[in-house]
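Novice: Sequence first, then the predicted structure:
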2 protein chains.
Amino acid sequence: MSAPIEDFYAVIPAGGVGSRLWPLSRAEAPKFLHDLTGSGVSLLRNTWDRLLPLTGPGRIAVVTGKAHEQRVEEELPDIDPANVFIESSQRESAAAIGLAAAILQRREPGVIIGSFAADHHISRPRAFDFAVQQAVAAARAGYISTIGIAPTEPSVGFGYIQLGDEIDVEGAPMAAIVERFVEKPDLETARRYYADRSFLWNAGMFISRADVLLAELAANEPELHAGLLEIAEAWDTDRRQEVCDRVWPDLKKIAIDYAVAEPAAQKGRLAVVPGHFDWDDVGDFASLAKLISGGRSDEMSILGQNDRVLVDESTGLVVSQTDRVIAVVGVEGLIVVDTADALLVTNSEHAQRVKSVVGALHARGSDSVL
Amino acid sequence: MSAPIEDFYAVIPAGGVGSRLWPLSRAEAPKFLHDLTGSGVSLLRNTWDRLLPLTGPGRIAVVTGKAHEQRVEEELPDIDPANVFIESSQRESAAAIGLAAAILQRREPGVIIGSFAADHHISRPRAFDFAVQQAVAAARAGYISTIGIAPTEPSVGFGYIQLGDEIDVEGAPMAAIVERFVEKPDLETARRYYADRSFLWNAGMFISRADVLLAELAANEPELHAGLLEIAEAWDTDRRQEVCDRVWPDLKKIAIDYAVAEPAAQKGRLAVVPGHFDWDDVGDFASLAKLISGGRSDEMSILGQNDRVLVDESTGLVVSQTDRVIAVVGVEGLIVVDTADALLVTNSEHAQRVKSVVGALHARGSDSVL
């Protein structure tokens, strides 16, 4: 294990519900609080454990909603309570990461922060560490850095980052300039990218000096930047609540990709480090099935209390959160998610549609199960 | 409505569990106790209601197991308790119907009995009545009668009865001799039968003078006949329990088809009346789906508490016995059966395999849900 990086802080935005994983993931129990990989701990705890060697326990911050404060502190008993940043309401990633940047910059000017989603799966910790260390080195040199994942298949489910020229930064031997960001491609394009090897998956990890990130935000979203600075100034005082109540609700909802990363890329200020580790955003049940089965589509994966699940000539995924007997007979690519008060049955092909089910249930007034 | 038929008694064997309908149908709550058609009452009660105009309430007997005595009497509050015949253990249809015949023959020599399954679905009551009236007329003339269902499709799921020469019996204008019984055919044969119109589905309804039926049984299964007579002799006395305990367990397990109907057909003593009404044995979830949807395979049928079932681009059947939210997304021909302690997910194609699931669950020791 490497020693913690002295001037580095990790920020974990823990906000999204993960509606494509309903009814497992819910407003009250979002994706990051679940053990989706059978590891025995939640994705949030996995993320913490992965970052800990790089930061030490006192230098990991979590940005989350009021509703999840208690559960986050239960999952992460070693977190410094001063590093749990509560959002008054959801304002997307630019506000969440920008808030953390502004607070941490006040506490420790020039600090480097790296933001890492609370609900992604990553294996091969040494390769992850090496990528982060390079990204921090590039950030120390003034770049905003990202880690792009070396694709393991021609996926149409992720955005891509095209590698540009190498940069010459000590400690970042694999870093390059980001040529451009590409939205989720069609299959033909994805195949071309996969063959090309200069395209990486955009995993939404950004590493940067806090002041550099805030300057980029100021250039692109000055009102959002001003609001975050006002809140950060009051944060460690008794005026926090009052200022948050006044300023936060009007902050612009925008993703960090649009508010910071893409504009920085256009200016040649965004560096990317290729990450050669397994990464999955566990975006829907099809990808969860794939993750659990290790890509073997000819078997039935079971997540949860599985000793009462009977599988007969079926493949796919059964998620069991109750002790009910579940019998699955003769269906391929099936997805069954069985919880105490809600049951989902779909297939791999339609896993993305689950999000619209949540919308439909909301419209019907079934919010108690959302 | 026609008046009750004076010398006629209906017998309802209510024995089978209906394992192909697990987890809806169970040892403790067999198929005949369920409302499978959304009519609001159980199949058993449907059967009673259908027979009542032909018999009156005092002349319907039910043969069932000890475990179901109470539920049967709850479903049929007007039944004469003396007409609930409890089997000590399951001994198949020849013993069940033979017992009823022997008891009723002692009580009322020369009575005509008709046996009708407790768990079939029949619509068009006037056509049913007309068929039974003809079958009774043929029985009065000494025949063992059956009602064969005029096929509505080339089914491979039922046995067939081939019509022979017409018989000349007053009150039975459509009756004919049974030429032969045919086991479940392959699809090509079924298509030929369907086109031919002289083949009817064997629905297992037998109508006969009790003494004629017993004589046929004596000829083919003398030991079974002797045992049943011994039990019947003791039935309405204080020796019933003692004789049942001694004789019943050794009775041969054989279907009435083999012990009575087929041998009678070979002797030219079996008459058949074509029944031109909708009939379904509701044998598995595929046939239940078809029954509920009226044969429209492009929709999702829902049985049970259905206001929390959300269907998105899916077809098939959802049976809901709980108040859980159920969301079904993008699956064709799906079958979901959701009960408090067990969940089945399969498709129409594999509906017949459900019986083997029950066997597998038994082998695993999951009997509490069987």
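Specialist: In hand now; what should we look at?
Novice: got a list of contacts for the one helix or strand residue A:359 maps to?
Specialist: For residue A:359, the element it lies in under DSSP states H and E is helix A:354-364. Outside helix A:354-364, the residues within contact range by Cβ atoms under 8 Å, 6 or more residues apart in numbering or on different chains are A:19-22, A:284-285, A:344, A:346, A:367, A:369-370, B:310, B:312, B:325, B:327, B:329. C-betas here are computed from N, CA, C, even on glycine.
Novice: Name the member of the residues you listed with the most neighbours.
Specialist: In terms of neighbours by other Cβ atoms under 10 Å in any protein chain shown, these top out with residue A:346 at 30 neighbours.
Novice: what comes into contact with the one helix or strand that one maps to?
Specialist: Assigned by DSSP H and E, residue A:346 belongs to strand A:342-347. Contacts to strand A:342-347, defined as Cβ under 8 Å, 6+ apart, come from residues A:22-23, A:285, A:316, A:331-337, A:353-354, A:357, A:369, B:324-331, B:334, B:336, B:338, B:343, B:345.
Novice: do stretch A:282-293 as well
Specialist: Stretch A:282-293 has contacts (Cβ under 8 Å, 6+ apart) with A:18, A:20-21, A:31, A:36-38, A:43, A:119-121, A:157, A:280-281, A:297, A:299, A:301, A:303, A:316-317, A:319, A:335, A:337, A:344, A:346, A:348-349, A:351-352, A:354.
Novice: In strands only, show me those residues.
Specialist: Of these, the ones assigned to strands by DSSP state E are A:121, A:280, A:301, A:303, A:316, A:317, A:319, A:335, A:337, A:344, A:346.
Novice: Can you add pLDDT and give those residues back as CSV?
Specialist: Converted to CSV, the ones in strands among the contacts of stretch A:282-293 look like this (pLDDT from 0 to 100):
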residue, pLDDT
A:121, 94
A:280, 92
A:301, 92
A:303, 91
A:316, 95
A:317, 95
A:319, 95
A:335, 97
A:337, 97
A:344, 97
A:346, 97
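Novice: of all the residues you listed, which comes closest to chain B?
Specialist: For the ones in strands among the contacts of stretch A:282-293, the closest approach to chain B (Cβ to the nearest Cβ) belongs to residue A:346, at 3.8 Å.
Novice: Once you drop chain neighbours, what's closest to the closest one?
Specialist: residue B:329 (3.8 Å; Cβ to Cβ, 6 or more residues apart in numbering or on different chains).
Novice: Around chain B, which positions in the stretch 251-370 of chain A sit nearby?
Specialist: Residues of the stretch 251-370 of chain A lying close to chain B by Cβ under 8 Å from any Cβ of the partner chain are A:308, A:310, A:312-313, A:324-331, A:334, A:336, A:338, A:340-347, A:349-350, A:353-354, A:356-357, A:360-361, A:364, A:366, A:369.
Novice: In terms of secondary structure, what does the longest strand belonging to chain A contact?
Specialist: In chain A, with assignment by DSSP E, the single longest strand is strand A:199-209. Applying 3 or more Cβ pairs under 8 Å, 6 or more residues apart in numbering or on different chains; DSSP states H and E, one finds that strand A:199-209 contacts helix A:92-107, strand A:112-115, helix A:125-140, strand A:144-149, strand A:160-166, strand A:270-275.
Novice: For residue A:210, see how far away the one residue sitting closest to the centre of chain A is.
Specialist: Taking Cα atoms, centre = their mean, the centroid of chain A lies closest to residue A:117, which sits 2.4 Å from it. Between residue A:117 and residue A:210 the computed distance is 19 Å (Cβ to Cβ, to the nearest Å).
Novice: pretty sure residue A:370 is touching residue A:26, no?
Specialist: Yes - Residue A:370 lies in contact with residue A:26 (Cβ atoms under 8 Å); the separation is 6.1 Å.
Novice: what helix or strand does residue A:10 sit in?
Specialist: With DSSP H and E as criterion, residue A:10 is part of strand A:8-14.
Novice: Contacts made by that strand with the rest, please.
Specialist: Contacts of strand A:8-14 (Cβ under 8 Å, 6+ apart): A:30, A:32, A:44, A:47-48, A:51, A:54-55, A:59-64, A:68, A:72, A:93, A:96-97, A:100-101, A:104, A:108, A:111-119, A:136, A:210.
Novice: In the stretch 251-370 of chain A, where is pLDDT below threshold?
Specialist: Within the stretch 251-370 of chain A, the ranges that satisfy pLDDT under 70 run A:306.
Novice: Report the closest residue of the stretch 151-300 of chain A relative to chain B.
Specialist: Closest approach between the stretch 151-300 of chain A and chain B, counting by Cβ to the nearest Cβ: residue A:285, at 10.0 Å.
Novice: distance of that residue from residue A:201?
Specialist: For residue A:285, the distance to residue A:201 - Cβ to Cβ - is 20 Å.
Novice: What strands line up against the helix or strand where residue A:180 lies, and which way round?
Specialist: Secondary structure assigned from DSSP H and E places residue A:180 in strand A:176-182. Using DSSP bridges, the strands paired with strand A:176-182 in its sheet are strand A:160-166 (antiparallel), strand A:270-275 (antiparallel).
Novice: who's in contact with stretch A:155-171?
Specialist: If you take Cβ under 8 Å, 6+ apart as the criterion, stretch A:155-171 is touched by A:133-134, A:136-138, A:141, A:143, A:146, A:148, A:175-187, A:190, A:193, A:198-203, A:257, A:271-272, A:274, A:281, A:283, A:287.
Novice: Can you give the distance of it from its chain's centre?
Specialist: Put simply, stretch A:155-171 sits 18 Å off its chain's centre (Cα atoms, centre = their mean, to the nearest Å).
Novice: Could you work out the end-to-end span of that stretch for me?
Specialist: Length of stretch A:155-171, first residue to last, Cα to Cα, to the nearest Å: 30 Å.
Novice: Now that stretch: buried residues?
Specialist: For stretch A:155-171, burial by neighbour count (16 or more other Cβ atoms under 10 Å in any protein chain shown) applies to A:155, A:158, A:159, A:160, A:161, A:162, A:163, A:164, A:167, A:169.
Novice: How about stretch A:326-341?
Specialist: A:326-331, A:333-339, A:341.
Novice: Kindly report the same for stretch A:14-30.
Specialist: Going by neighbour count (16+ other Cβ under 10 Å), the buried part of stretch A:14-30 is A:14-26, A:29-30.
Novice: And stretch A:167-187, by the same measure?
Specialist: Buried positions in stretch A:167-187, judged by neighbour count with 16+ other Cβ under 10 Å: A:167, A:169, A:172, A:174, A:175, A:176, A:177, A:178, A:179, A:181, A:182, A:185.
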